[in-house]
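Peer 1: Sequence first, then the predicted structure, then my questions.
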Amino acid sequence: MSPTVVETKKIPAILYVKGNSKLLNADYTVTVVGTRHPTEIGIKRDIELTAWFVKHDYVIVSGLAQGCDFYAHQTAARTIAVLAHGLDQTIYPQVNSPLAKSLLAKGGLLVSTYPLGTKTIPQHLVARDEWQSGLGDGVIVVETGLTGGTHATIDFALKQYKPLAVLKFGHYCQTNIGNEKYLADPRFDGLTTPDTFLNFVKRMLRK
């Protein structure tokens, strides 16, 4: 496998990194995203799917947000966190500062397209979503409602022709009703069992 090809509209002259920069050349990467307010079953499924991909030598990419991002980063042995601010700034959200330290301690990587001194603003959060998608071989949606930042990542993934997958749930609520919507879209794989995970891996490998 060759390293992940990053496909974004604007490639910065400098990519700012802190931690294990070798992860940028990993053979296998997958982006895991979702709501900041996952259900209990969503958290359980997030941890399980992340552990499955870690077992299969994948580097996990996410945005260090609360909720689904948090559990993906926490579970992963090797993980890349895309930030919406300069590397010298307080981690956003601040509650995830301990997670960022833990991530670095276990060989992970913090990535930013912004120079030192750059603070978080809403536009940077959207730009981060583009890089979250760009750094993965594919994108998995754990849980999402009908609105929220996850949809920006999905839109970027579609523009970048990234394979997309969404978790299936037995019951849907406001927190994951977006999953039900995307499951009706043939561009998305529905993930339920190891076999469906393997099928999605095959899609990513063909990219």
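Peer 2: The structure has been received and is ready for your questions.
Peer 1: For the protein, identify the residue most remote from the centre.
Peer 2: G117 (24.5 Å; CA atoms, centre = their mean).
Peer 1: Isn't that residue up against G86?
Peer 2: Yes: using CB atoms under 8 Å, G117 is in contact with G86, at 5.4 Å. From N, CA and C alone the C-beta is placed, and that goes for glycine too.
Peer 1: Helix, strand, or coil at the nearest residue to G136 once chain neighbours are set aside?
Peer 2: Nearest non-adjacent residue to G136, counting by CB to CB, 6 or more residues apart in numbering: T31, 3.1 Å away. Secondary structure for T31, judged by DSSP: H, G, I helix; E, B strand; the rest coil, is strand.
Peer 1: Tell me how many other residues surround T31.
Peer 2: Counted with other CB atoms under 10 Å, residues neighbouring T31 total 30.
Peer 1: repeat for L24
Peer 2: 17.
Peer 1: Can I take it that it is in a helix?
Peer 2: Yes: in this structure, L24 lies within a helix as judged by three-state DSSP.
Peer 1: Which pLDDT value belongs to it?
Peer 2: Listed pLDDT for L24 reads 96.
Peer 1: was I right about it contacting L110?
Peer 2: No: L24 is beyond contact range of L110, at 11.7 Å (criterion: CB under 8 Å).
Peer 1: between those two, what contacts are shared?
Peer 2: The overlap between the contact sets of L24 and L110 (CB atoms under 8 Å, 6 or more residues apart in numbering) consists of V17.
Peer 1: ok, so what distance separates N20 from K106?
Peer 2: Between N20 and K106 the computed distance is 9 Å (CB to CB, to the nearest Å).
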